[in-house]
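> quick one, what's the 3D model for this:
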Amino acid sequence: MKINLKNGIDKLLFGMKQNDVIALYGKPNRNYKDEDDNVIFAYNALKMRLTFYQEEDLKLGYIVASSADLELFGNTIIGKKITEVKKELAAKGIIKYNQEDFDTFENYFNEDNWFILQTEFDEVVKFEIGAIINAKDEFDWKFKK
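Now for the predicted structure:
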């Protein structure tokens with residue numbers, strides 16, 4: 001599954017509605033609301049959790065993925081050492097990260113592309129990506145019907 005920075009993952013585009021996603025991948029294994037009334041779809045086989053923002057007319061705005069076949073610029077990232085992934089991304093001009101530590105986990109947040117590489121024991125275990133906010137302080141929705 002190809003990660004498309006600023007756009008989504010695979011066929012998923014930020015701004016899709018729940019029915020658009022169901023048309024692509026079928027019904028999710030889990031469908032629930034979080035504490036902010038956002039709708040969450042979880043797909044076990046895809047190892048993805050999708051968040052549809054309640055305050056944005058339930059548009060897809062955030063994806064958390066941990067599938068071993070995730071690819072960024074043609075390189076897999078899950079299960080790799082963070083130093084190796086950062087080196088591959090640096091070759092593409094992605095070099096700035098804010099690092100946060102939580103117990104055995106570290107998050108490497110790249111604000112320009114709005115993604116997080118989450119590591120445990122120096123290995124990437126999860127990739128999170130969110131819709132970009134533009135200069136007008138609005139979401140830059142990629143899905144156009």
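> give me the nearest residue to T51, chain neighbours excluded.
For T51, ignoring the flanking residues on the chain, the nearest one in space by Cβ to Cβ, 6 or more residues apart in numbering is Y62 at 4.0 Å. For the C-beta atoms, the positions are set from N, CA and C on the backbone; glycine is no exception.
> please list all residues in contact with the one you found.
With contacts defined as Cβ atoms under 8 Å, 6 or more residues apart in numbering, Y62 is in contact with L50, T51, Y53, E128, I129, G130, A131.
> relative to Y97, how far out is the nearest residue in space to K144 that is not next to it in sequence?
The shortest distance from K144 to any non-neighbouring residue, by Cβ to Cβ, 6+ apart, is to G15 (7.6 Å). With the distance defined as Cβ to Cβ, to the nearest Å, G15 ends up 26 Å from Y97.
> same question, Y108
In this view, Y108 and Y97 are 4 Å apart by Cβ to Cβ.
> give me the common contacts of the two.
K86, L117.
> shaky segments in the chain?
The chain contains no residues with pLDDT under 70.
> dead centre of the chain: give me the residue that sits there.
I129 (2.6 Å; Cα atoms, centre = their mean).
> closest to P28 among the contacts of Y62?
P28 has its nearest neighbour among the contacts of Y62 in L50, at 7.6 Å by Cβ to Cβ.
> gap between the closest residue to that closest one other than its chain neighbours and S67?
Counting by Cβ to Cβ, 6+ apart, F41 is the residue found nearest to L50 once chain neighbours are left out, at 4.4 Å. As defined by Cβ to Cβ, F41 lies at a distance of 15 Å from S67.
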